[in-house]
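Colleague: Fold the following.
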Amino acid sequence: MKKWIVFIMAALFPQALWAADIQATLQWSQRVELSTPVSGTVQAVNIEVGDQVKEGQVLLSLDSTAYRARVEASQSEITRLNADAEEDKRELDRVTELHERTVVSTTELDQARLKLVRSQSALSEAHARLQQNQKALDDASIRAPFDAVVVLRQAEPGQSVAAGLQPQMLLTLARSGEMIARMHLSLPQMSRLQTGQTLSVSVAGISYTGKIKMLGLEPVSTKEGPVYPVDVVFPSKGLLRAGAPAQMKLP
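Modeller: Reported below is the predicted structural model:
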């Protein structure tokens with residue numbers, strides 16, 4: 001009698017519903033394409049494909065001679081304008097004291113005040129230019145936004161980079177130490193899972209513990225019928241490659 005029950009259940013439900021192991025494909029947990037928002041000539045590329053890089057590490061540098069000169073010019077301008085503003089402040093203090101003693105007119109006092117306002121305004125504008133020039137100097141270098149592995153390098157020393165509406169991609173990085181295993185499940189299989197649930201991931205015979213990051217809402221058509229993508233994020237060891245096969249152990 002039990003054999004007949006098992007046979008009937010197998011006929012009524014797809015085999016995948018009862019499968020403990022599901023095929024999956026590795027994906028990067030985070031992938032970014034990097035460029036520079038400023039134009040220039042590539043001076044140095046400090047990495048190769050496959051290199052592990054740390055957050056903040058300089059990966060590529062443009063020739064920054066012109067940008068550095070603008071920063072130095074702005075700093076010199078601020079020094080000069082700051083001296084002018086200090087002198088105008090001393091003059092205003094002097095005129096204010098004389099005005100209180102009725103030695104100078106109100107018109108002279110107003111002129112001294114206006115001169116100080118103008119010098120302070122010029123100083124503020126110079127500080128803004130310095131920030132812009134410093135930002136351009138910083139943008140002449142590409143730094144790693146997080147710990148990553150270099151996936152693609154499309155830049156060489158001497159190459160010209162032109163900033164524009166469509167930035168020229170120079171480097172591609174993927175977050176290191178973390179991967180996603182993507183599988184596709186039917187609705188009955190999905191019904192047993194929830195976001196944050198722990199699952200076992202096996203890659204090349206090595207087991208990892210992952211958590212469900214995403215349960216897809218839109219189906220993908222297959223010969224067996226519609227299935228839904230499910231992403232499981234897990235901490236990885238060593239260098240794994242996107243597109244590599246993995247096995248998921250369903251509960």
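Colleague: only C-alpha atoms for contact and neighbour calcs from this point on.
Modeller: OK.
Colleague: residue contacts, Gln120?
Modeller: Gln120 makes contact with 82, 85, according to C-alpha atoms under 8 Å, 6 or more residues apart in numbering.
Colleague: how many neighbours does the nearest residue to Thr96 once chain neighbours are set aside have?
Modeller: Excluding its sequence neighbours, the residue lying closest to Thr96 (C-alpha to C-alpha, 6 or more residues apart in numbering) is Leu109, at 6.3 Å. Residues lying near Leu109 (other C-alpha atoms under 10 Å) number 20.
Colleague: does Leu109 count as helix, strand or coil?
Modeller: helix (DSSP: H, G, I helix; E, B strand; the rest coil).
Colleague: How much space separates Val45 from Leu59?
Modeller: Separation of Val45 from Leu59 (C-alpha to C-alpha, to the nearest Å): 6 Å.
Colleague: Over to Glu156?
Modeller: Separation of Glu156 from Leu59 (C-alpha to C-alpha): 12 Å.
Colleague: Overlap in contacts, those two.
Modeller: Shared contacts of Glu156 and Leu59, defined by C-alpha under 8 Å, 6+ apart, comprise Val45.
Colleague: who has more neighbours, these two?
Modeller: The neighbour comparison of Glu156 against Leu59 (other C-alpha under 10 Å) goes to Leu59, with 18 against 15.
Colleague: OK, contacts around Leu199?
Modeller: By C-alpha under 8 Å, 6+ apart, the neighbours of Leu199 are 209-212, 232, 248-251.
Colleague: Out of these, who's the most crowded?
Modeller: Using other C-alpha under 10 Å as the neighbour criterion, Val232 leads the contacts of Leu199 with 29 neighbours.
Colleague: Would you agree that residue falls within a strand?
Modeller: Yes - judged by three-state DSSP, Val232 forms part of a strand.
Colleague: What pLDDT is listed against it?
Modeller: According to the prediction, Val232 has pLDDT 97.
Colleague: The stretch 51-200 of the chain: helices as residue ranges?
Modeller: 65-100, 106-139, 187-190 (DSSP state H, counting those that start in this stretch).
Colleague: quick one: average confidence on the first one?
Modeller: Taken as a whole, helix 65-100 has a mean pLDDT of 96.
Colleague: Low-confidence stretches in the protein?
Modeller: Applying pLDDT under 70 to the chain picks out residues 1-20.
Colleague: In contact with the residue nearest the centre of it, which residues?
Modeller: The centroid of the chain falls nearest to Pro145 when counting by C-alpha atoms, centre = their mean (5.2 Å). Contacts for Pro145 (C-alpha under 8 Å, 6+ apart) come out as 55-56.
Colleague: For it, give its distance to Gln57.
Modeller: Counting by C-alpha to C-alpha - Pro145 and Gln57 are separated by 8 Å.
Colleague: Please apply the same query to Arg129.
Modeller: Between Arg129 and Gln57 the computed distance is 27 Å (C-alpha to C-alpha).
Colleague: neighbour-wise, which of these two wins?
Modeller: Set Arg129 next to Gln57 and count neighbours by other C-alpha under 10 Å: Arg129 wins out with 19 against 15.
Colleague: related to what we said a few turns ago, show me which of the contacts of Leu199 is closest to Ser186.
Modeller: The nearest member of the contacts of Leu199 to Ser186, counting by C-alpha to C-alpha, is Leu250 at 12.6 Å.
Colleague: Dihedrals phi and psi, the closest one?
Modeller: When read as degrees, to the nearest 10, the backbone of Leu250 gives phi -80, psi 150.
Colleague: Gly225 too?
Modeller: Torsion angles at Gly225 (phi, psi; degrees, to the nearest 10) stand at phi 120, psi -180.
Colleague: And for the nearest residue to Arg175 once chain neighbours are set aside, the neighbour number?
Modeller: Excluding its sequence neighbours, the residue lying closest to Arg175 (C-alpha to C-alpha, 6+ apart) is Ala148, at 4.3 Å. Ala148 has 23 neighbours, counted by other C-alpha under 10 Å.
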